[in-house]
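In: Got a predicted structure plus its sequence, pasted below:
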Amino acid sequence: MRTPVVLITGANGEMGHGLIEHFRRQRSHRLVALDLKPLDAALQPYCEAAIVGDILDQDLLQRLISEFEIHEIYHLAALLSTRAEYTPAIAHRVNVEGTLNLLNLAHEQSRWHGRPVKFLFPSSIAAYGITNVETKAVAGRVRESEWNFPTTMYGCNKLYCEQLGRYFTLHYRQLAADRHPSGVDFRAIRFPGLISAVTMPTGGTSDYAPEMLHAAAQNRPYACFVEESAQLPFMAMPDAVKALIKLAEAQAERLTQRVYNINAFSVTAGEVRERVLRAFPDARITFDPDPPRSAIVATWPGEVDDHPARRDWGWEPDYTIDRAFDEYLLPTITKYYETQRS
Ligand code: SER
């Protein structure tokens, strides 16, 4: 008999860490972690298996299903927006072909065990592309169906994968004589910029906020690559994990769409610096905007409309900006680097 499991791709990334921590506390799921890099040793005891490998490796995926029966997939592996701009073709392979491989695997697994496979997909505010900062200032809270004109490879990949997921769930092989539902229950969240107190993002364009904070906590100088006035929606990592879990647990009948915005707080880079300085008054944070990266941030909405998520599955963040900084980020990060030093 194969062991029934939840598969987490990109498990060694920021969100993977948060998710595995969550499941560890719940003790509710048996996890299989997949990542290009070895999973942090501290997380390995909480997984049935921690596999080092590539989501583009079909043989590896086949070996995986010979051993495990997959009931839920958190497909977190991706090349983020800045990195993807340097290698767009590879980004497309990882972000799109990788997702297609996982969707096919979910379909195949559902055929085997006869139950739907939930497929949780982190999409992004990068799926939006607002023409310029002036328009962004008046766009207000952007809804899922608005401004779907991403300017980055990563944004294009995410937007297309949302559509792929919807296709698998609703229209898979619609012309086949023996048409059956694919068995893939795709659910996606367009995440804002994420800030964790214990991990650092790699290769993103919203990374300036976490970078500012982590540099200050380690007493390193930091030059921010966007202007002080640059505004984006952000979220504390525990809320991001909570959102994925809540959406996974939502009753299918209640979901009126497959892709949801979620909001916590919107903040300018200047405000992030002020908050960081309150906790670390000696922090050396300056602004040295990099025009191309700033231009990407300018195309992403300053705020998103998340009323469908609130209505359909009860989304509500725990962390306002005050709570995020005062009760999660600052105390946790201070303790984290103290432990690292000792
Ligand atoms: N945080 C991501 C990035 O900056 C956006 O989803 O690429």
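Out: Thanks, I have it. Numbering: from 1, shown residues only.
In: secondary structure class for the residue nearest to residue 112 when sequence neighbours are not counted?
Out: Nearest residue to residue 112 in three dimensions, chain neighbours excluded: residue 69, at 6.9 Å (C-beta to C-beta, 6 or more residues apart in numbering). Quick note: C-beta positions are derived from backbone N, CA and C, even for glycine. Here residue 69 is recorded as strand under DSSP: H, G, I helix; E, B strand; the rest coil.
In: How many residues are close by residue 69?
Out: For residue 69, the count of nearby residues is 15 (other C-beta atoms under 10 Å).
In: That one contacts residue 111, correct?
Out: No. Applying C-beta atoms under 8 Å, one finds residue 69 not in contact with residue 111, separated by 11.7 Å.
In: all helices for the stretch 151-300 of the chain, in order.
Out: Here the stretch 151-300 of the chain has its helices, by DSSP state H, counting those that start in this stretch, at 153-170, 208-217, 237-249, 269-279, 291-299.
In: among these, which is the most enclosed?
Out: Greatest average neighbour count among the helices of the stretch 151-300 of the chain goes to helix 208-217 (a mean of 24), per mean count of other C-beta atoms under 10 Å.
In: Now do it: distance to the chain's middle.
Out: 19 Å (C-alpha atoms, centre = their mean, to the nearest Å).
In: Can you name the residues of the chain sitting close to the ligand?
Out: Proximity of the chain to the ligand is confined to 80-81, 124, 126, 154, 191, 193, 204-206 under the rule C-beta under 6 Å from any ligand atom.
In: Please repeat the previous calculation with a cut-off of 8 Å.
Out: Contact residues (C-beta under 8 Å from any ligand atom) of the chain with the ligand: 80-82, 84, 122-126, 152, 154, 158, 191-194, 201, 203-207, 300.
In: Inside strands: which ones of the residues you listed?
Out: Using DSSP state E, the members of these that fall in strands are 122-124, 191, 193-194.
In: among those, who's most crowded?
Out: Greatest neighbour count in these, by other C-beta under 10 Å, goes to residue 124: 28 neighbours.
In: Could you report the distance from that one to residue 300?
Out: Residue 124 sits 9 Å away from residue 300, going by C-beta to C-beta, to the nearest Å.
In: Same question for residue 140.
Out: 14 Å.
In: These two: which is more packed in?
Out: More crowded of residue 140 and residue 300, by other C-beta under 10 Å: residue 300, with 30 against 13.
In: who's in contact with the closest residue to that one other than its chain neighbours?
Out: For residue 300, ignoring the flanking residues on the chain, the nearest one in space by C-beta to C-beta, 6+ apart is residue 125 at 4.8 Å. Each residue near residue 125 by C-beta atoms under 8 Å, 6 or more residues apart in numbering is listed here: 190-193, 206, 232-233, 300-301, 304.
In: So what pairs up with the residue nearest the centre of the chain in the strands?
Out: With distances taken as C-alpha atoms, centre = their mean, the residue of the chain nearest its centroid is residue 122 (4.1 Å). Beta-bridge pairing of residue 122 under DSSP bridges involves residue 189.
In: Good, wrapping up.
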